[in-house]
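>>> Have a look at this prediction, sequence included:
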Amino acid sequence: MRLMVSGGGTGGHIYPALALIKALKKRDPNAEVMYVGSERGLESSIVPAKGIAFKATRIQGFKRSLSLENFKTIYLFLKSVHSAKQMIREFKPDVVVGTGGYVSGAVVYAASRLHVPTMIHEQNSVVGITNKFLSRYVDKIAYVFDAAVDQLPANKMVKTGNPRAQEAAEVVSHFSWSEYGLQDEVPTLLIFGGSQGALKINAATVAAIPQFNQRQYQVVFVTGQKRYDGVMDQLKDVTVAANVVVKPYIPNMPEVLPKVAAIVGRAGATSLAEITADGIPSILIPSPYVTADHQTKNAQSLASVGAAEIIKEAELSGDTLVAKADQLMNDGHLRHDMAVASKHLGVPDAADRVLDVVLSLQRK
Ligand SMILES: CC(=O)N[C@H]1[C@@H](OP(=O)(O)OP(=O)(O)OC[C@H]2O[C@@H](n3ccc(=O)[nH]c3=O)[C@H](O)[C@@H]2O)O[C@H](CO)[C@@H](O)[C@@H]1O
């Protein structure tokens, strides 16, 4: 099997691709994999670090308003399609898979023009612009939320779940909170705003720290790599007690998650796949800045069955955050019930399901 994968820009597109590669390597250790990402995306650091062959192309997103920059976007897209075609001719993949982001638009489109079998994975309940464009050209579309079905060609759709769920569910974690100077016996609340961190969640958490300092539970506050220095600056004159730890990024999330009592976070689809695969209770603050408010829809799928609580971003403050966190962290029964509901939504064999679709496309 020779698999080319492309997904970029943000962790929610990259980690499902990596989980699929992991499942393929497990089933077929001789499989050859090539990952094509964008030069400046998170993938250009995450993917090579995993020892996966990586090639980059230059691409940028569309501006929603009328802008001259969009001509450059179109130029870069066409150039990326051209270089993706060269990469495909050289690597000769059996199948090309896209997991979202502009770069996957160029790579999967190039593959379809060269008559190489293609599949995309749609993580969200509202289909992104790239996958909508690609849906006309690809052979199969793997999806997670039923709501996506109406937005895409029905004859191509296969329900699989998000491959990252399987990685989260299967991990045998040896992680100890002592690595963060914390204690394993004390319940830990993990706060993070998706793969890049979220300004508003960071601001509310900074405001909440004086109260978190006094709590019996532990708090791990992940700021996002690029926002870390700014947060540390805001915390210059704030006491941070021993039960609160601030980190820029967690590189080994599947190992850390099983040791978490509850989560505060955005409602990105890949995060939710992990949270439900592990059965973790959560307080979700959907980002209102994403296409068609899809994170609110993602979050509601958990909240409607009692797996999560939602705080609207407009209502988020240090006080509302602490109040909800206290409610959850001081009530083991509530956490247990939410955990059961959360786990019920998990798809722990999602990577194998996606892989089955990919392998079905391989020409005999
Ligand atoms: C602002 C935006 O456009 N967000 C979208 C993006 O979110 P985003 O990239 O934030 O994606 P998700 O929240 O779905 O996933 C984040 C991923 O990053 C990992 N992680 C996060 C923090 C950390 O310190 N370490 C770490 O490894 C998480 O474990 C998870 O695997 O893609 C998602 C999946 O298509 C969409 O649903 C989101 O709406």
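Alright, I've got the coordinates.

>>> Would you mark the buried spots in the helix ranked longest in the chain?
Counting by DSSP state H, the longest helix found in the chain is helix 69-91. Under the neighbour-count criterion of 16 or more other CB atoms under 10 Å, helix 69-91 has 73, 76-77, 80-81, 83-85, 87-88, 91 buried. In short, each C-beta sits where N, CA and C put it, glycine included.

>>> ok, the residue nearest to Val171 when sequence neighbours are not counted - contacts?
Spatial nearest neighbour of Val171, chain neighbours left out: Pro254 (4.3 Å); criterion: CB to CB, 6 or more residues apart in numbering. Going by CB atoms under 8 Å, 6 or more residues apart in numbering, Pro254 touches 167-168, 171, 173, 274.

>>> Ok, Ala110 next?
Residues near Ala110 by CB under 8 Å, 6+ apart: 81-82, 84-85, 88.

>>> what do you get for Met157?
141, 143, 148-149.

>>> Tell me how far the residue nearest to Gly224 when sequence neighbours are not counted lies from Arg136.
Excluding the flanking residues, the one nearest Gly224 by CB to CB, 6+ apart is Gly197, at 1.7 Å. Distance of Gly197 to Arg136, computed by CB to CB, to the nearest Å: 35 Å.

>>> So which of these two has more stuff around it?
When neighbours are counted by other CB atoms under 10 Å, Gly197 and Arg136 differ, and Gly197 comes out ahead with 22 against 11.

>>> looking at this, the more buried one is in a helix?
No - read with DSSP: H, G, I helix; E, B strand; the rest coil, Gly197 is coil and lies in no helix.

>>> Tell me the pLDDT of the closest residue to Ala303 other than its chain neighbours.
Closest residue to Ala303 in three dimensions, ignoring its sequence neighbours and counting by CB to CB, 6+ apart: Ile310, at 5.0 Å. Predicted confidence (pLDDT) for Ile310: 98.

>>> Can you name the residues that contact Ile310?
So Ile310 contacts 283-286, 296, 299-300, 303 (CB under 8 Å, 6+ apart).

>>> Run through the bridge partners of it.
Assessed by DSSP bridges, Ile310 has beta-bridge partners Leu284.

>>> one step back: list phi and psi for the residue nearest to Gly224.
Phi and psi for Gly197, reported as degrees, to the nearest 10, are phi 80, psi 160.

>>> could I have stretch 318-337 exported to CSV, CA atoms only?
Provided in CSV are the C-alpha atoms of stretch 318-337 (Å, rounded to 0.1, in the frame of the first residue of the first chain):
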residue,chain,number,x,y,z
GLY,A,318,-13.4,34.2,35.3
ASP,A,319,-16.4,33.8,37.6
THR,A,320,-18.6,31.8,35.3
LEU,A,321,-15.7,29.5,34.5
VAL,A,322,-14.9,28.9,38.2
ALA,A,323,-18.6,28.3,39.1
LYS,A,324,-19.0,25.6,36.4
ALA,A,325,-15.6,24.1,37.2
ASP,A,326,-16.4,23.9,40.9
GLN,A,327,-19.8,22.3,40.2
LEU,A,328,-18.1,19.5,38.2
MET,A,329,-14.9,19.1,40.2
ASN,A,330,-16.6,19.0,43.6
ASP,A,331,-19.2,16.4,42.5
GLY,A,332,-17.8,12.9,41.7
HIS,A,333,-21.3,11.5,41.0
LEU,A,334,-22.0,14.2,38.4
ARG,A,335,-18.6,13.6,36.8
HIS,A,336,-19.3,9.9,36.7
ASP,A,337,-22.7,10.3,35.0
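
>>> tell me the mean pLDDT over that stretch?
Rounded mean pLDDT across stretch 318-337 is 98.

>>> what comes up buried for it?
The neighbour-count check on stretch 318-337 (16+ other CB under 10 Å) flags 318, 320-322, 324-325, 328-329, 334-335 as buried.

>>> possible to save these as CSV with distance to Ser112 and secondary structure?
Below are the buried residues of stretch 318-337 laid out as CSV (distance: CB to CB, whole Å; DSSP: H, G, I helix; E, B strand; the rest coil):
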residue, distance to Ser112, secondary structure
Gly318, 49, helix
Thr320, 47, helix
Leu321, 46, helix
Val322, 50, helix
Lys324, 46, helix
Ala325, 47, helix
Leu328, 46, helix
Met329, 49, helix
Leu334, 49, helix
Arg335, 46, helix
